[in-house]
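Asker: Sequence first, predicted coordinates after that:
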Amino acid sequence: MPNWEEWSFVKEEELQEEKAAAAAQEGGKDGTAASKQKGEEAPSPTPRSSWLLPCLKQLQLVECPKLRALPPQLGQQATNLKELDIRRARCLKMVEHLPFLSGILFVQSCQGLEIISNLPQVRELLVNHCPNLRHVEMLGGLEQLWLSKNMQKISSLWVPGLEEQHRQLHGDEHKLEVNEWF
């Protein structure tokens, strides 16, 4: 999706609400008008993201060079998300506030990525060719970190902090495993 710049559920959900309201006013066929005639408040439609995202286990975002941000709903409603794979999203600046992501985060060729933060359940982080990644923090569940050769220099800015956080949370007997891959 090379031209995808913004990912939001808000516009779609607002559109659904507007359609439901219009149907209710016109005596819609979906039953909302009948309940309104009885003096009750018309039920609001259930936003699609609220029932789709809890089912999401794996998400791959590939070839989205203009995507600037992940939607907040991903962190709030994707309660079963195990794997997030982001490749070639060069305008993406941050991957943060995904409290339910519980398995693997893989980021590759995200040249604009600067921050990975507040992913408390992520167990494995794989990073390749993210030359501007300056802050990686608040990954309390991290067990394994995989860095490509091209990440060795820049990662020296944040790996010591991750190792210290891991030591504070898990003690000296469970060290953060830092690996290099080619």
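Answerer: Good, I have the coordinates.

Asker: can you list the domain ranges for this structure.
Answerer: Split into domains by automatic domain parsing, the chain comes to 1-45, 53-181.

Asker: Lowest average confidence across those, which one?
Answerer: Here the lowest mean pLDDT among the domains of the chain goes to domain 1-45, at a mean of 53.

Asker: coming back round to it: any chance of JSON lines for the domains of the chain, columns mean neighbour count?
Answerer: Heads up, the C-betas are built off the backbone N, CA and C, glycines and all. Supplementary listing: those in JSON lines, determined by neighbours: other CB atoms under 10 Å:
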{"stretch": "domain 1-45", "mean neighbour count": "13"}
{"stretch": "domain 53-181", "mean neighbour count": "17"}
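
Asker: where exactly do the helices run in this structure?
Answerer: For the chain, the helices defined by DSSP state H cover 10-25, 32-37, 48-52, 72-77, 152-155, 159-170.

Asker: Looking at Arg48 now. What's its pLDDT?
Answerer: 51.

Asker: is it true that Gln58 touches Glu83?
Answerer: Yes: assessed by CB atoms under 8 Å, Gln58 is found in contact with Glu83 at 4.5 Å.

Asker: what's the spacing between Met94 and Arg167?
Answerer: 25 Å (CB to CB, to the nearest Å).

Asker: now do Glu96
Answerer: Distance, Glu96 to Arg167, by CB to CB: 23 Å.

Asker: go on, Ile104?
Answerer: In this view, Ile104 and Arg167 are 22 Å apart by CB to CB.

Asker: do the same with Pro71
Answerer: When distance is defined by CB to CB, Pro71 is 34 Å away from Arg167.

Asker: just Ile86 next, same as before
Answerer: 28 Å.

Asker: go on, Ser148?
Answerer: Taken as CB to CB, the span from Ser148 to Arg167 is 24 Å.

Asker: Mind exporting the C-alpha coordinates of stretch 171-179 to PDB?
Answerer: C-alpha atoms of stretch 171-179 as PDB (Å, rounded to 0.1, in the frame of the first residue of the first chain):
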ATOM      1  CA  GLY A 171      17.300  -9.900  38.600                       C
ATOM      2  CA  ASP A 172      20.800 -10.900  37.500                       C
ATOM      3  CA  GLU A 173      20.000 -14.600  36.900                       C
ATOM      4  CA  HIS A 174      17.800 -13.700  33.800                       C
ATOM      5  CA  LYS A 175      19.900 -11.600  31.400                       C
ATOM      6  CA  LEU A 176      18.500 -10.000  28.300                       C
ATOM      7  CA  GLU A 177      19.700 -12.100  25.400                       C
ATOM      8  CA  VAL A 178      21.100  -9.800  22.700                       C
ATOM      9  CA  ASN A 179      21.900 -11.500  19.400                       C
END
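
Asker: what does it contact?
Answerer: Leu142, Glu143, Gln144, Leu145, Trp146, Leu147, Val159, Leu162, Glu163, His166, Arg167 (CB atoms under 8 Å, 6 or more residues apart in numbering).
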